[in-house]
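Trainee: Okay, sequence plus prediction incoming.
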Protein chains: 2
Amino acid sequence: MARIVTLAAAQMGPIARTETRPQVVERLLAMMRQAKGMGADVVAFPEAALTAFFPHWYTEDDAEVDRWFEAEMPGPQTQPLFDEARRLGIGFHLGYCELDRTSGRKRRFNTAILVDAQGRIIGKYRKIHLPGHADHRPQTPFQNLEKRYFEVGDLGFGAWRAFGGIAGMIICNDRRWPESYRVLGLQAVEMVFCGYNTPVHHPAAPDHDRLGQFHNELSMQSGAYQNSTWVVGIAKAGVEEGVDMIAGSCIIAPTGEIVARASTAGDEVIVARCDLDLGRSYRETTFHMAIHRRPEHYRMIVERTGPQAPD
Amino acid sequence: MARIVTLAAAQMGPIARTETRPQVVERLLAMMRQAKGMGADVVAFPEAALTAFFPHWYTEDDAEVDRWFEAEMPGPQTQPLFDEARRLGIGFHLGYCELDRTSGRKRRFNTAILVDAQGRIIGKYRKIHLPGHADHRPQTPFQNLEKRYFEVGDLGFGAWRAFGGIAGMIICNDRRWPESYRVLGLQAVEMVFCGYNTPVHHPAAPDHDRLGQFHNELSMQSGAYQNSTWVVGIAKAGVEEGVDMIAGSCIIAPTGEIVARASTAGDEVIVARCDLDLGRSYRETTFHMAIHRRPEHYRMIVERTGPQAPD
């Protein structure tokens, strides 16, 4: 009763500020082909995989901001990814910055999509847990302006039948919040894709720096275990425009174990043969949610945003 | 700005089925004194610390079941714990099985209390996530009849001002469910006590056996990190009436790091000097819940008990 899907994480090294979309797409295509050669059914790229991670820099120039975003997906410069996926017969997951005008006003999201092996978009997620700040902090070595450049995602945490199972997406900071995985777990998700751009240095809390990789793994491993799902973590890594980012892309089993891990801080493909049925022995015993969960005692999770101390 | 409390975990080796309450209380008193000698302000004992873990055995004899429970707390046999705590000036946390008649009918709970350094009960928790099954499974080497012998706790996940900070309690299986810690985190909890009786062997899923200690640590470490709190895990350990139970009592910092760990499977006291302010640098940055959480996207957590797959 094995249901095998071979998942690949395509970690990316830094993207220079001057690198063009076609140049980046060439890197992605090279890794897509490599993943296919390693037997992958799906290849997952990082968060905001088409550009340098511009929320590290402050600007008030709206037109400059727009240049980091995609107004259509696929667009002329990203179409080759869809064409090559269809040609190879491989699915993919891609993070990018989305400029949306469908509501009549301009909205910007930190977005990820699932694309099937026929090159069709089958799922879209817009990042919900935006980290950082909206204000200008010129005194720090770099900034984290996601709350300035993006709106909070408005699509919820979705799950889709894909790649022979049920797939969901979260993005970067979402992975530190157990609610993200749980909402997916409550949709019986079997594989979660999570791209990230995570600096080594926390300007507001430098004492956390030594623990970056530990916290990355702890968050994803617990999310996998507690929801009986595979998790694929895909890093943008290395020193990008002066900002050192953690690597450590990995594929995590429903046991919580890391079964594949990147060993560089550059472009690197890792794969694992993932049995989607492995989660069943957890889902039907320790984590049989229907018989063990007690939502009547969880109401505070939705009724409070921040903490309130007891009297 | 350090707010130091020295916490002790008093792990217990097996309790024989024939061991009397006074005999067990003597063991607890010895560890309480030892903890005091190690500078502890609070000593934490395991789940159901006064008896062998009887849910491993099936019986239909109601009077026999009652013998594992405490009809009053303190009662004549447990009063020495309260007296000694007051004499030493040390707080304690104790798990026990509670027989409650206040509602006019007999109810049984898997309960834990917090007792201050004056010997006064200041908080009570009744276990919410009861694992196991209610039906007789004589074919297994031992059973896990918590769903038979206990009612689901009716007091919620409470938090109390205690020991210079804010304290909460969860019990055993609660620690695998991120909702448990989150409801405490939303009460600004700074220290969580969690006693457990966890067999090495899972009769329903023996392939999980090799991962018992890993899952124990993963659950508590992620709960600590994601809620910026200290967590004290206290095991009943060793081979008790033929059932081998995991040990690994530990004290976990808000960084998610294990800072103290038991090294035996017997009665053993470990301590750590815990700075309750250590969690602040997380609570005010990465995990600043008030500015980062998005409860409008978490509703499924309270609206569904078990998973529903997408169409």
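Mentor: Nice, thanks for sending it over. Numbering: from 1, shown residues only, chains lettered A, B, ... in the order given.
Trainee: Would you mind measuring the gap between the ends of stretch A:158-173?
Mentor: With C-alpha to C-alpha, to the nearest Å as the measure, stretch A:158-173 spans 17 Å from end to end.
Trainee: again with stretch A:187-195
Mentor: In stretch A:187-195, first residue to last residue: 20 Å (C-alpha to C-alpha).
Trainee: That stretch near chain B at all?
Mentor: Yes - interface with chain B: stretch A:187-195 contributes A:187-188 (C-beta under 8 Å from any C-beta of the partner chain). Any C-beta I mention is one placed from the backbone N, CA and C, and that applies to glycine too.
Trainee: Give me the distance from that stretch to the chain's centre.
Mentor: Offset of stretch A:187-195 from its chain centre (C-alpha atoms, centre = their mean, to the nearest Å): 10 Å.
Trainee: Same question for stretch A:244-256.
Mentor: Worked out by C-alpha atoms, centre = their mean, stretch A:244-256 lies 11 Å from the chain centre.
Trainee: in it, what's buried?
Mentor: Buried residues in stretch A:244-256, counted by 16 or more other C-beta atoms under 10 Å in any protein chain shown: A:244-256.
Trainee: Which stretches in chain A count as strands?
Mentor: A:4-11, A:42-44, A:91-100, A:107-115, A:121-126, A:159-162, A:165-171, A:191-197, A:230-236, A:238-240, A:243-245, A:250-252, A:258-261, A:268-275 (DSSP state E).
Trainee: Any chance of CSV for the ones you listed, columns mean pLDDT?
Mentor: As requested, these are arranged in CSV below (pLDDT from 0 to 100):
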stretch, mean pLDDT
strand A:4-11, 98
strand A:42-44, 99
strand A:91-100, 98
strand A:107-115, 98
strand A:121-126, 98
strand A:159-162, 98
strand A:165-171, 98
strand A:191-197, 98
strand A:230-236, 98
strand A:238-240, 98
strand A:243-245, 97
strand A:250-252, 98
strand A:258-261, 98
strand A:268-275, 98
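Trainee: mind putting those strands in TSV, distance to A:Phe287 included?
Mentor: Rendered in TSV, the data for the strands of chain A read as follows (distance: least, C-beta to C-beta, whole Å):
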stretch	distance to A:Phe287
strand A:4-11	21
strand A:42-44	24
strand A:91-100	25
strand A:107-115	24
strand A:121-126	23
strand A:159-162	17
strand A:165-171	15
strand A:191-197	15
strand A:230-236	14
strand A:238-240	36
strand A:243-245	33
strand A:250-252	15
strand A:258-261	19
strand A:268-275	17
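Trainee: Of the ones you listed, which is nearest B:Tyr282?
Mentor: Of all the strands of chain A, strand A:191-197 sits nearest to B:Tyr282, with 18.1 Å by C-beta to C-beta.
Trainee: Tell me how far A:Asp311 lies from chain B.
Mentor: Per C-beta to the nearest C-beta, to the nearest Å, A:Asp311 is found 8 Å from chain B.
Trainee: swap in A:Gly306?
Mentor: Distance from A:Gly306 to chain B, counting by C-beta to the nearest C-beta: 3 Å.
Trainee: isn't that residue right next to B:Met289, touching?
Mentor: Yes - the pair A:Gly306 and B:Met289 passes the contact test of C-beta atoms under 8 Å, sitting 4.4 Å apart.
Trainee: So which of these two has more stuff around it?
Mentor: B:Met289 (19 against 14; other C-beta atoms under 10 Å in any protein chain shown).
Trainee: Let me see the contact set for the more buried one.
Mentor: With contact taken as C-beta atoms under 8 Å, 6 or more residues apart in numbering or on different chains, B:Met289 is in contact with A:305-307, B:185-186, B:283.
Trainee: make it 10 Å
Mentor: A:177, A:304-307, B:182, B:185-186, B:188, B:227-228, B:283, B:295 (C-beta atoms under 10 Å, 6 or more residues apart in numbering or on different chains).
Trainee: cool, and A:Ile301?
Mentor: By C-beta under 10 Å, 6+ apart, the contact list for A:Ile301 reads A:178-179, A:182, A:295, B:178-179, B:182-183, B:185-186, B:293, B:295, B:298-299, B:301-302.
Trainee: Next: A:Gly168.
Mentor: Counted by C-beta under 10 Å, 6+ apart, A:Gly168 has contacts A:114, A:123, A:125, A:157-160, A:162, A:180-181, A:183-185, A:187-194, A:227, A:229, A:231, B:310.
Trainee: try it again with 6 Å
Mentor: A:159, A:184, A:189, A:192 (C-beta atoms under 6 Å, 6 or more residues apart in numbering or on different chains).
Trainee: Neighbours of the residue in the stretch 151-300 of chain A positioned nearest to chain B, how many?
Mentor: The nearest approach of the stretch 151-300 of chain A to chain B comes at A:Ala290, 2.8 Å away (C-beta to the nearest C-beta). Burial of A:Ala290 is recorded as 11 neighbouring residues (other C-beta under 10 Å).
Trainee: any idea how far it is from B:Asn144?
Mentor: A:Ala290 sits 17 Å away from B:Asn144, going by C-beta to C-beta, to the nearest Å.
Trainee: do the same with A:Ile113
Mentor: Using C-beta to C-beta, A:Ile113 is found at 43 Å from B:Asn144.
Trainee: Show me which of these two is the more surrounded one.
Mentor: Neighbour count, other C-beta under 10 Å: between A:Ile113 and B:Asn144, B:Asn144 has more, with 22 against 19.
Trainee: Chain B contacts on the stretch 1-150 of chain A?
Mentor: When proximity is defined as C-beta under 6 Å from any C-beta of the partner chain, the stretch 1-150 of chain A approaches chain B at A:128-129.
Trainee: which stretches of the stretch 1-150 of chain A have low pLDDT?
Mentor: Scanning the stretch 1-150 of chain A for pLDDT under 70 picks out A:1.
Trainee: closest point of it to chain B, which residue?
Mentor: Counting by C-beta to the nearest C-beta, the stretch 1-150 of chain A gets nearest chain B through A:Ile128, at 5.1 Å.
Trainee: wait, that residue sits on B:Arg293?
Mentor: No - using C-beta atoms under 6 Å, A:Ile128 makes no contact with B:Arg293, being 9.5 Å away.
Trainee: Looking at those two, which has the bigger crowd around it?
Mentor: The neighbour count for A:Ile128 versus B:Arg293, taken as other C-beta under 10 Å, is higher for A:Ile128 (26 against 23).
Trainee: The nearest residue to the more buried one once chain neighbours are set aside - how many residues pack around it?
Mentor: Among residues not flanking A:Ile128 along the chain, A:Gly153 sits closest, at 4.5 Å (C-beta to C-beta, 6 or more residues apart in numbering or on different chains). Residue crowding around A:Gly153 was assessed by other C-beta under 10 Å; the count is 24.
Trainee: who's in contact with A:Gly153?
Mentor: Residues in contact with A:Gly153 (C-beta under 6 Å, 6+ apart) are A:126-128.
Trainee: redo that, cut-off 8 Å
Mentor: A:109-111, A:125-128, B:297.
Trainee: And it, how far from B:Phe287?
Mentor: Here A:Gly153 is placed at a distance of 19 Å from B:Phe287 (C-beta to C-beta).
Trainee: Check A:Phe53 too.
Mentor: A:Phe53 is 21 Å from B:Phe287, by C-beta to C-beta.
Trainee: now swap in A:Gly238 and tell me
Mentor: 26 Å.
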